[in-house]
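Enquirer: Here is a sequence with its predicted model. Questions after.
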Amino acid sequence: MSGHRRVKDIAYDDEELEDYSEDEYGDEGEEELSPDDKRQMQEGTTKVRNALGPGSSVSGKEIQDALWHYYYDVAKSVSFLKNLRAPPTAKKQKQPSKFDQASSAAQVDAKKTLGGSRSSYMSLQGSAQCYTLLVASQEPDVSNDETSAYPVPEPLQDLSLQLTATDFFKDVSWGHVPSHLRSKITVRPVHPRARLLGGSSHGVGKTSKLAALAAARKKREAEQKPAAEPSTGEDGSKWQPSAISILNRLSTKPGSDIACKASGQPSAAITGVLPPQVPQSRTYPIRRKKSPSPVRPPIEEPLPVQDTKPEEEAKLDLRAPPSTFARAILGKQTKSSAESLMRPQEDSAFRLLDADSGYVADLNPFAGPSPDDVVANAQSKGAKGKASVNVANAEKSANGVADALSSLSLEEATNQRVKSKNLNVLAEFEKSKRKDAASFVVIGHVDHGKSTLMGRLLYDLKVIDQRSIDKLRKEATNIGKSSFALAWVMDSTSEERERGVTVDIATNYFETEKTKFTILDAPGHRDFIPNMIAGASQADFAVLVIDASTNSFESGLRGQTKEHALLVRSMGVQRLIIAVNKMDLAGWSQDRFTEIEQQMSAFLTSAGFQAKNITFIPCAGLTGENIVRKVTKDKMPWYTGHTLVEELEASEPAKRAIEQPLRLSIADVFRGGITNPLSISGRVDAGSLQVGDQIIAMPSGEKAQIKGIEVDQEPADWAVAGQIATLHLTGIDEVHLRIGDIICSFANPIKNIKAFTTKILAFDHVMPMHVDVHRGRLHVPGKITQMLAVLDKSSGEVTKKKPRVVQPGSVARVRVELETAIPLEAPGRIVLRNQGQTVAAGLLESAE
Ligand SMILES: Nc1nc2c(ncn2[C@@H]2O[C@H](COP(=O)(O)OP(=O)(O)OP(=O)(O)O)[C@@H](O)[C@H]2O)c(=O)[nH]1
């Protein structure tokens, strides 16, 4: 929703506010693209069309789908669409594989014999990468119908790319199957997947706007086409697409066991001969036209199959049998019910592990204390300082499974007490002569070259060896993304590599003579701003990457370049290095560099950065100019300043709040091995800690003890503010530790609060509204309940009391209430977001 409409919709009444956020967002998202999306789509379509040339047969819809899929990235969309239309022979010059040879032979054959008439289709070109095959019966093609869980793409126009499965397998001996038994092969697109669009696994936990729009579009299309109805059975019951696709896979071959069971014929595996031909309705149990339940049949009832005898129907229960664990838990008392859940065709291998077979002894798991009780008992005994845990008691009371657990708990219990060296950490830090530690977040609009720049930095500093880079180059080239090889040093997940888009913060390390640096490479795409906020919350300073090439700088300004800069400033970052990147594409032009420098300086100083804390460096991450090695005179004779590394080194060490109470924001929680079963990592925001310290985790309020510390991936006795440390903990369960929680000193914990007053800088119109409150990795829903005052930007004095709306760019004081209490304290920094947009960033003034 635009800020303009929001102003009109102001409602101070709490009840009205309740309805404000999610429903409206969902509806609007389903209706249409946002104006920004529309603009990007329009611009992108024109650019792609131009790049493809007038002779291209690519449709407008295909272009828009590609732009959507690649986040409006024109280059990627063009290359995808070109590949889509490229003739199969043009794709690879190298020796074709046996499969390729067979496939092209089949295509030639099919062209000769079948001409242009095609009843179904299959794109062979590119199919290996993009599609998986599903074999469906020759009955009405459910996977091709609109209600299918896997809608099939539009048929390709180029007939050389279209073949039926029957054509393809025509010359294969087992293809001589009577025509009424032949199957059709349909394609199931693997992409796009909603998960990537929906943000990272660490992230928001709800579908992104893009994913919501895509889902809505799909839903609308399905609703508009009555052709979807053929999936209704004779009795009017609708088949469940997902269930059907599962059954399709289970009933692929007429001779398979399941198909034989459905038909009442013995399977080939049992008889050693192929089954006689059977009527189709018997062969494929998916045609459950008399199904009484369209969703899932009741457990006791067999899957209804047309013309199938009742006792045979029972054999069609396709449910998975209970696991060994489930059977062990169910034990003998529930044997009959367990038995009733078993499929009749269960295999003998499974029976070997059957609870009745003797491998799992008579188990009555409820006779003694539960495994959790045993662990808890042992832990509490350890915590009380008893020298030894009463293992005998545990053995007596627990069954076999619990015995194993009790021995584990014994070890954990004895580890509970970790002796502190009682170090004077401040003195240790002073005399340690450790290199300075600094972490910086790399920010900027999507695709401006952040990851490539960092990959180049690590490569030129020899943190990454030549072999690893060669390997990445090869892998990137194999999927047609050779230009992303350096970015892959940072972007390590398959999703990120496939899409060429960073999703979550990537961390890497390097050191120079003076300083140990931690790189926090942030995603540039606006859907992943929560992850960017998380990265920025751990940074001492920021590197803002700007693409200098034509139009890119300008589109970045309308996109995330300004938003990221404002966000980091609001989160306390004062120093900014601006890498004016891709200077190779800007012809190493001094004019372009100066233009960017002037525009950005004006904006950044108005946003609260001091001119002395901003530095501009012209560079090219891809080719490596001015990153570690200086640019040669023939390219940029006009530049005599620092390289990026020199500028990083020149950054003054950030002031550390070492003497304040301990505050560490958890960035990750992980289970280690036997020696360190539970660990967390995060930046020490304030204070210090050492091995043996008692700490408290907030908001859970649970205590724990530090068993070990790692700093810079090496064991350490202590850590201080500014360092990113890994803590191995004992005496706490992992359920009490979540990403975003705060680790505090035992003596001085942070408070959980449910409301606060904050001074905000408005990015958008701000009014009483629902907001997500972000603090580092933590974010909770809340709402702005009171608009207290508009403030003068420089003096902070009240210029207007109780405003109805705060305009973008203004500073104001508002009161925020949270749905759940979280650990926050003044002067903490928070970001307020609404419907995926950053509306304000603020400094906490008082907590309630
Ligand atoms: N010509 C040229 N291309 C570059 C340069 N730096 C990056 N690129 C290309 O720009 C594209 C995007 O680069 P990335 O490093 O993935 O961009 P990013 O900013 O990290 O992208 P996100 O993290 O997804 O926001 C890739 O194709 C790079 O090869 C450069 O200096 N010159």
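Expert: Thanks, I have the structure now. This one's a predicted model, so the numbers in the text were calculated from it and none came from an experiment. Numbers count the residues shown, from 1 in each chain.

Enquirer: make it CA atoms for all contacts and neighbour counts henceforth
Expert: Fine.

Enquirer: got the buried residues for stretch 731-738?
Expert: Within stretch 731-738, the residues that count as buried by 16 or more other C-alpha atoms under 10 Å are G731, I732, E734, L737, R738.

Enquirer: First-to-last residue distance for it?
Expert: Terminal residues of stretch 731-738 lie 16 Å apart, using C-alpha to C-alpha, to the nearest Å.

Enquirer: can you check stretch 742-759 too?
Expert: Start-to-end, stretch 742-759 (C-alpha to C-alpha) is 22 Å.

Enquirer: same thing with stretch 517-528?
Expert: End-to-end distance of stretch 517-528: 24 Å, with C-alpha to C-alpha as the criterion.

Enquirer: Quick one: mean pLDDT over it.
Expert: Averaging the model's pLDDT scores along stretch 517-528 yields 84.

Enquirer: Is it positioned near the ligand?
Expert: Yes: remark: stretch 517-528 sits within contact range of the ligand at P523, G524, H525, by C-alpha under 6 Å from any ligand atom.

Enquirer: Which phi and psi values does the second one adopt?
Expert: When quoted as degrees, to the nearest 10, the phi and psi of G524 stand at phi -90, psi -20.

Enquirer: circling back: closest to the ligand among the residues of stretch 517-528 next to the ligand?
Expert: When the residues of stretch 517-528 next to the ligand are compared for distance to the ligand (C-alpha to the nearest ligand atom), G524 wins out at 3.4 Å.

Enquirer: and the closest residue to the closest one other than its chain neighbours, what does it touch?
Expert: Distance criterion C-alpha to C-alpha, 6 or more residues apart in numbering; nearest residue to G524, sequence neighbours excluded, is V446 at 4.0 Å. Under the criterion of C-alpha atoms under 8 Å, 6 or more residues apart in numbering, the contact partners of V446 comprise V501, P523, G524, H525, R526, G556, Q560.

Enquirer: Tell me the one of those residues nearest P749?
Expert: Closest approach between the contacts of V446 and P749, by C-alpha to C-alpha: P523, at 32.4 Å.

Enquirer: check contacts around the residue nearest to the closest one when sequence neighbours are not counted.
Expert: Leaving out its chain neighbours, the residue that sits closest to P523 by C-alpha to C-alpha, 6+ apart is T502, at 4.8 Å. With contacts defined as C-alpha under 8 Å, 6+ apart, the neighbours of T502 are S451, D491, E496, A522, P523, G524, H525.

Enquirer: May I ask you to confirm that A755 belongs to a strand?
Expert: Yes: with DSSP: H, G, I helix; E, B strand; the rest coil as the criterion, A755 is part of a strand.

Enquirer: Make residue 1 into 610 and carry on from there
Expert: Okay, residue one is now 610; in that scheme the one you just asked about reads as A1364.

Enquirer: Just give the closest residue to it, not the sequence neighbours.
Expert: Among residues not flanking A1364 along the chain, E1426 sits closest, at 4.3 Å (C-alpha to C-alpha, 6+ apart).

Enquirer: how many other residues sit next to the one you found?
Expert: Other residues near E1426 come to 21 when the count uses other C-alpha atoms under 10 Å.

Enquirer: What are the buried residues along the helix or strand containing it?
Expert: The secondary structure element spanning E1426 is strand 1420-1432 (assigned by DSSP states H and E). Within strand 1420-1432, the residues that qualify as buried are V1420, A1421, R1422, V1423, R1424, V1425, E1426, L1427, I1431, P1432, counting by 16+ other C-alpha under 10 Å.

Enquirer: Can you name every helix or strand that it contacts?
Expert: Using 3 or more C-alpha pairs under 8 Å, 6 or more residues apart in numbering; DSSP states H and E as the contact criterion, the neighbours of strand 1420-1432 among helices and strands are strand 1361-1371, strand 1387-1400.

Enquirer: Can you say which of those strands is nearest to the ligand?
Expert: Proximity of the helices and strands packed on strand 1420-1432 to the ligand was assessed by C-alpha to the nearest ligand atom; the nearest stretch is strand 1387-1400, lying at 21.6 Å.

Enquirer: Report the separation between Y1248 and the ligand.
Expert: With distances taken as C-alpha to the nearest ligand atom, to the nearest Å, Y1248 is found 17 Å from the ligand.

Enquirer: Go ahead and list the helix or strand containing that residue.
Expert: Short version, using DSSP H and E: Y1248 is in no helix or strand.

Enquirer: which bits of the stretch 1110-1259 of the chain sit near the ligand?
Expert: Counting by C-alpha under 6 Å from any ligand atom, the stretch 1110-1259 of the chain comes close to the ligand at V1110, T1111, P1132, G1133, H1134, N1190, K1191, D1193, L1194, A1229, G1230, L1231.

Enquirer: List only buried entries from the residues you listed.
Expert: By 16+ other C-alpha under 10 Å, these give V1110, T1111, P1132, G1133, H1134, N1190, K1191, D1193, A1229, G1230, L1231 as buried.

Enquirer: For the nearest residue to E671 once chain neighbours are set aside, list the residues it contacts.
Expert: Leaving aside its sequence neighbours, E671 sits nearest to L690 (C-alpha to C-alpha, 6+ apart; 7.9 Å). Applying C-alpha under 8 Å, 6+ apart, one finds that L690 lies in contact with V667, E671, I672, A675.

Enquirer: isn't the third one right up against V657?
Expert: Yes: assessed by C-alpha atoms under 8 Å, I672 is found in contact with V657 at 7.1 Å.

Enquirer: where do the contact lists of these two overlap?
Expert: Common neighbours of I672 and V657, using C-alpha under 8 Å, 6+ apart, are S686.

Enquirer: Spell out which residues of the stretch 960-1109 of the chain are next to the ligand.
Expert: The interface of the stretch 960-1109 of the chain toward the ligand, taken as C-alpha under 6 Å from any ligand atom, is made up of H1054, V1055, D1056, H1057, G1058, K1059, S1060, T1061, S1092, F1093, A1096, G1109.

Enquirer: Closest to H1383 out of those?
Expert: Using C-alpha to C-alpha, H1054 is the member of these that lies nearest H1383, at 20.4 Å.

Enquirer: Which strand or helix spans that closest one?
Expert: Per DSSP H and E, there is no helix or strand for H1054.

Enquirer: what separates it from K1368, distance-wise?
Expert: The span separating H1054 from K1368 equals 27 Å under the rule C-alpha to C-alpha.

Enquirer: neighbour-wise, which of the two wins?
Expert: For H1054 versus K1368, the count of surrounding residues by other C-alpha under 10 Å is larger for H1054: 27 against 24.

Enquirer: who touches the more buried one in this structure?
Expert: When contacts are counted by C-alpha under 8 Å, 6+ apart, H1054 is found next to G1133, H1134, V1154, I1155, G1165, G1168, Q1169, T1170, H1173.

Enquirer: cool, D1401 as well?
Expert: For D1401, the contacting residues are V1407, T1408, V1420, taking C-alpha under 8 Å, 6+ apart as the criterion.

Enquirer: export those to a markdown table and tack on distance to the ligand and pLDDT?
Expert: Written out in a markdown table, the entries for those read as follows (distance: C-alpha to the nearest ligand atom, whole Å; pLDDT from 0 to 100):
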| residue | distance to the ligand | pLDDT |
| --- | --- | --- |
| V1407 | 39 | 94 |
| T1408 | 39 | 94 |
| V1420 | 29 | 90 |
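
Enquirer: closest to D1321 among those?
Expert: When the contacts of D1401 are compared against D1321 (criterion: C-alpha to C-alpha), the nearest one is V1420, at 39.2 Å.

Enquirer: list the contacts for the closest one?
Expert: Taking C-alpha under 8 Å, 6+ apart, we find V1420 in contact with K1368, I1369, L1370, A1371, V1399, L1400, D1401, K1402.

Enquirer: Quick one: the helices and strands packed on strand 1420-1432 as TSV, columns for distance to the ligand and mean pLDDT too.
Expert: Converted to TSV, the helices and strands packed on strand 1420-1432 look like this (distance: least, C-alpha to the nearest ligand atom, whole Å; pLDDT from 0 to 100):
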stretch	distance to the ligand	mean pLDDT
strand 1361-1371	24	92
strand 1387-1400	22	93
